[in-house]
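Participant: I'll drop the sequence and a predicted model, then ask my questions.
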Amino acid sequence: MNKEEKIQYANYLIEEITTKFLHKDKPYIIMEGYEYFREVVTLYAKQSNLLESALLLIENSHAEEAYVLVRSMLNNTMLIDYLCNDHNGERYRNYKIQPTKAELSFLYDIKKALKNDWLKETPQELDKKIKEYENLLKSEGFTTKKKIKGKHREVVDRRLLNIKEMALTDELLFAHYMMFYREGSKYEHSDISSLVIYRKPIKELPNTGAFILDMSRTDPLLEEKLLNLAITMYSLTFIRLLQHITNKQGHLISDERKPELAKLALIIKSNNFNFPYSNQENDLNKEEE
């Protein structure tokens, strides 16, 4: 496929998956005990929007900017996998408490700023808010042991979810982390090496001293790699989610929906975006039969 064909194919996938799998614009009713799945389908819905936005940027030759969105797609992929492989509910509990941990971390940052005299006035009830968040975390069981003055004491666990740690739970996710997530960081954080593309050389002069700013330039090799990555990641997430539901939550897919979803999975495979299928092809074929 050329660039235009891949973009067309990706848009087809988004429409098929959001309509037939995510049931876009249709009501969801989440039963007790399946709360994690509410977060999973919402994360994948966001991944659909991220892919659609990345395709628009790539279509307009802004692959460098699109990498930031594709990096977010990988982040969502890891969160989905993290939640789907939750054997005792602890991962969902940890994911659910992240906003509280993030807010507490921000309040501690304010305290550091006050200590450095970067802020002249203490925000109202700062210590009271910190105590409230700490008590909430303690009541939910988020504590850990820390060595303080030679003794192990129980303290509030303020650790936020870490992408690298999630990647270390799965061989394929770690491969994506090593190959793409870290590389994407330089585009998200505007590493100096990521900015060279915008400086068009003037004749034979080095673009460090003489150049024309050309914001329509993009790296064609990066563009191709990124387009392949985005489509593969979106497809992979669909396949893994479908496998998860088929093996563990089969009641979530009605019998009449199974053949069309199996057919969509086989279409994805036939387009030669290579990723492990393990036993899922057989599972899907059985469902189709």
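Facilitator: Yep, it's here.
Participant: hey, let's count contacts and neighbours off CA atoms from now on
Facilitator: Noted.
Participant: Give me the buried positions along stretch 172-189.
Facilitator: Under the neighbour-count criterion of 16 or more other CA atoms under 10 Å, stretch 172-189 has 173, 174, 176, 177, 180, 181, 184, 186, 187, 188 buried.
Participant: Give me the contact list for it.
Facilitator: With CA atoms under 8 Å, 6 or more residues apart in numbering as the contact definition, stretch 172-189 has outside contacts at 64, 65, 67, 68, 71, 74, 78, 164, 167, 168, 193, 194.
Participant: Tell me who's in contact with the fifth one.
Facilitator: For residue 71, the residues meeting the contact criterion (CA under 8 Å, 6+ apart) are 180, 181, 184, 185.
Participant: Tell me if it really is in a helix.
Facilitator: Yes - when the secondary structure is assigned by DSSP: H, G, I helix; E, B strand; the rest coil, residue 71 falls within a helix.
Participant: distance between the ends of stretch 250-267?
Facilitator: Here the two ends of stretch 250-267 are set 21 Å apart, with distance taken as CA to CA, to the nearest Å.
Participant: check contacts around residue 198.
Facilitator: For residue 198, the residues meeting the contact criterion (CA under 8 Å, 6+ apart) are 213, 214, 215, 216, 217, 218.
Participant: same question, residue 137
Facilitator: The contact partners of residue 137, taken as CA under 8 Å, 6+ apart, are 100, 101, 143, 156, 157.
Participant: Closest one to residue 85 out of the contacts of residue 71, please.
Facilitator: Among the contacts of residue 71, residue 181 lies closest to residue 85 (CA to CA), at 21.1 Å.
Participant: Double-check that the closest one belongs to a helix.
Facilitator: Yes - note on residue 181: a helix contains this position according to three-state DSSP.
Participant: Would you quantify the distance from residue 2 to residue 76?
Facilitator: Going from residue 2 to residue 76 by CA to CA gives 27 Å.
Participant: One more: residue 173?
Facilitator: If you measure residue 173 against residue 76 using CA to CA, the figure is 11 Å.
Participant: What of residue 231?
Facilitator: With CA to CA as the criterion, residue 231 and residue 76 are 14 Å apart.
Participant: which strands and helices sit next to the helix or strand containing residue 229?
Facilitator: Per DSSP states H and E: residue 229 is located in helix 220-248. In terms of contact count using 3 or more CA pairs under 8 Å, 6 or more residues apart in numbering; DSSP states H and E, helix 220-248 is assigned the packing partners helix 3-16, helix 35-59, helix 63-84, helix 280-288.
Participant: Name the helix or strand for residue 137, please.
Facilitator: helix 126-139.
Participant: Now that helix: buried residues?
Facilitator: Buried-residue list, helix 126-139, by 16+ other CA under 10 Å: 130, 133, 134, 136, 137, 138.
Participant: Equivalent analysis for stretch 53-66, please.
Facilitator: 54, 55, 57, 58, 59, 61, 62, 63, 64, 65, 66.
Participant: who's more crowded, residue 2 and residue 76?
Facilitator: Between residue 2 and residue 76, counting by other CA atoms under 10 Å, residue 76 is the more crowded of the two (22 against 8).
Participant: Not counting sequence-adjacent ones, nearest residue to that one?
Facilitator: In this structure, residue 76 finds its nearest non-sequential neighbour in residue 43, 6.1 Å apart by CA to CA, 6 or more residues apart in numbering.
Participant: Counting neighbours, what do you get for that neighbour?
Facilitator: Counted with other CA under 10 Å, the neighbours of residue 43 add up to 18.
Participant: Residue 38 now?
Facilitator: Each residue near residue 38 was counted by other CA under 10 Å, and the total is 13.
Participant: which residues touch it?
Facilitator: residue 30.
Participant: what's the first-to-last distance across stretch 108-123?
Facilitator: 12 Å.
Participant: what's the answer for stretch 185-195, then?
Facilitator: The first residue of stretch 185-195 is 13 Å away from its last residue (CA to CA).
Participant: I'd like the average pLDDT over that stretch.
Facilitator: Stretch 185-195 carries an average pLDDT of 85.
Participant: Nearest residue to residue 86 in space, please, no chain neighbours.
Facilitator: Leaving aside its sequence neighbours, residue 86 is closest to residue 92 (7.1 Å, by CA to CA, 6+ apart).
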